[in-house]
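**Student:** Fold the stuff below for me.
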Amino acid sequence: MDKIFGILVLIGVPLSIIGSLMHWPSVMMFIIYCVSIIALASYMGRATESLAIVAGPRVGGLLNATFGNAVELIISIFALQAGLIEVVLASLTGSVIGNLLLVAGLSFFVGGIKFKRQKFNVFDARHNSGLLMFAVIVAFVIPEIFAMSMDTSSTISLSVGISIILIVLYLAALFFKLVTHRGVYNSQNEERNGEAHEEPEWGKGKSILVLLIATLAVAYISENLVHTFEVVAKSFGWSELFIGVIIVAIVGNAAEHASAILMAYKNKMDVAVEIAVGSTLQVAMFVAPVLVLISLLYSESMSLIFTIPELVSMVTAVLLTVVIANDGETNWFEGATLLAAYVIMGMGFYLL
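**Tutor:** Next comes the predicted model:
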């Protein structure tokens, strides 16, 4: 698989540059851009996995989620610049439901086929559940309710205020997990995993270099990808909502998708869950608020006001994940349940 991604990078990146300079057809370039970003994301995933072996499951999961979300953040910034606010909000929705239902679902399913019962840190699961409920149900639902009685200016002001609170609380959550309470809630499963020594694929220097180069390449390709959305939507009959929720979210989060499933297959469930849930928290509590603040620099500002289908889908995904993951163990059937929910939502967004 690594060789395949290597070939795709060697072919896809030059084709992306040549195609953008020579103005090849938008639909063809859309496919080339998406394949190239996914292939580059695999290298980002391998680099962060190498760094994670040294840093431990919590920091490793955080690194993987951060660099995985960097791709989506880059795509979203260019989309904001192009005035595609609906696509950005839809991609944030897609990240939340994609990480909680698709990534976690595939991880639980693939790992559950190999191991009948997989355990992860129950304390982390409960801590993350509370943050998920706050980030999605409180911080996203409340602006929707209050916006019904507000003008556009007040809605933007409310969104900016909530964004600042979300960023502060997210940084406080990292400080709690990585500094003040680091190691306090370690599970026996995590301690056993920590005993096994594993050699990283790449050294620290090479991993950081690969991350930087891959991120720069993704930034260039993402800027061009955004300009193909309108033509692709008309060609395939897709709505901007479907492109944002399904296509951009899957492409933008390809790095952590692959890494979480691989970790689950290796029975490293603490890392897999940290990637899936940690990435969701980062999107809801950091990426979305940062995009709101960045949008103030452009002619059209973005508020945290989602459509009703987007809002209901995110709340449903959070509640289902909390119920399934709160006991600290999982199996393939629970993974299949999450995947079934994702397919149902995907069908709904496609038909809208």
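**Student:** Show me where the stretch 101-250 of the chain dips below the pLDDT cut-off.
**Tutor:** In the predicted model of the stretch 101-250 of the chain, residues 183-198 satisfy pLDDT under 70.
**Student:** In it, mark out all the helices, start to finish.
**Tutor:** 104-114, 122-132, 141-147, 152-175, 188-195, 204-226, 229-236, 240-242, 249-252 (DSSP state H, counting those that start in this stretch).
**Student:** With distance to Ala340 added, can I get those helices in TSV?
**Tutor:** Quick note: C-beta positions are derived from backbone N, CA and C, even for glycine. Below are the helices of the stretch 101-250 of the chain laid out as TSV (distance: least, Cβ to Cβ, whole Å):
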stretch	distance to Ala340
helix 104-114	8
helix 122-132	20
helix 141-147	24
helix 152-175	30
helix 188-195	27
helix 204-226	30
helix 229-236	25
helix 240-242	19
helix 249-252	17
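**Student:** residues in contact with Met345?
**Tutor:** 97, 101, 313, 316-317 (Cβ atoms under 8 Å, 6 or more residues apart in numbering).
**Student:** ok, and it, which helix or strand is that part of?
**Tutor:** If you go by DSSP states H and E, Met345 is part of helix 332-351.
**Student:** CA-only coordinates of that helix in CSV, if you can.
**Tutor:** Extracted C-alpha coordinates of helix 332-351, given in CSV (Å, rounded to 0.1, in the frame of the first residue of the first chain):
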residue,chain,number,x,y,z
TRP,A,332,-17.1,-5.3,15.1
PHE,A,333,-20.9,-5.0,15.5
GLU,A,334,-20.6,-1.6,17.2
GLY,A,335,-18.4,-0.5,14.3
ALA,A,336,-21.0,-1.7,11.8
THR,A,337,-23.7,0.3,13.7
LEU,A,338,-21.7,3.5,13.3
LEU,A,339,-21.0,2.8,9.6
ALA,A,340,-24.7,2.2,9.0
ALA,A,341,-25.6,5.6,10.5
TYR,A,342,-23.0,7.2,8.3
VAL,A,343,-24.4,5.6,5.1
ILE,A,344,-27.9,6.7,6.0
MET,A,345,-26.8,10.3,6.5
GLY,A,346,-24.7,10.2,3.3
MET,A,347,-27.8,9.1,1.4
GLY,A,348,-29.8,11.9,2.9
PHE,A,349,-27.2,14.6,2.0
TYR,A,350,-26.9,13.2,-1.6
LEU,A,351,-30.7,13.4,-2.2
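**Student:** Next, the buried residues of it.
**Tutor:** Neighbour counts over helix 332-351 (16 or more other Cβ atoms under 10 Å) mark 332, 334-335, 337-339, 341-342, 345-346, 349 as buried.
**Student:** Out of the residues you listed, which is nearest to Ser259?
**Tutor:** The nearest member of those to Ser259, counting by Cβ to Cβ, is Gly335 at 16.3 Å.
**Student:** Distance of the closest one relative to Ile97?
**Tutor:** Distance of Gly335 to Ile97, computed by Cβ to Cβ, to the nearest Å: 15 Å.
**Student:** Which strands or helices does the longest helix seen in the chain pack on?
**Tutor:** Criterion DSSP state H: the longest helix present in the chain is helix 26-55. The contact analysis (3 or more Cβ pairs under 8 Å, 6 or more residues apart in numbering; DSSP states H and E) places helix 26-55 against helix 2-22, helix 57-81, helix 204-226, helix 229-236, helix 249-252, helix 254-265.
**Student:** Make CSV out of those and add distance to Gly161 and mean neighbour count.
**Tutor:** What follows is the helices and strands packed on helix 26-55, written out as CSV (distance: least, Cβ to Cβ, whole Å; neighbours: other Cβ atoms under 10 Å):
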stretch, distance to Gly161, mean neighbour count
helix 2-22, 39, 15
helix 57-81, 19, 24
helix 204-226, 28, 18
helix 229-236, 30, 15
helix 249-252, 26, 26
helix 254-265, 29, 27
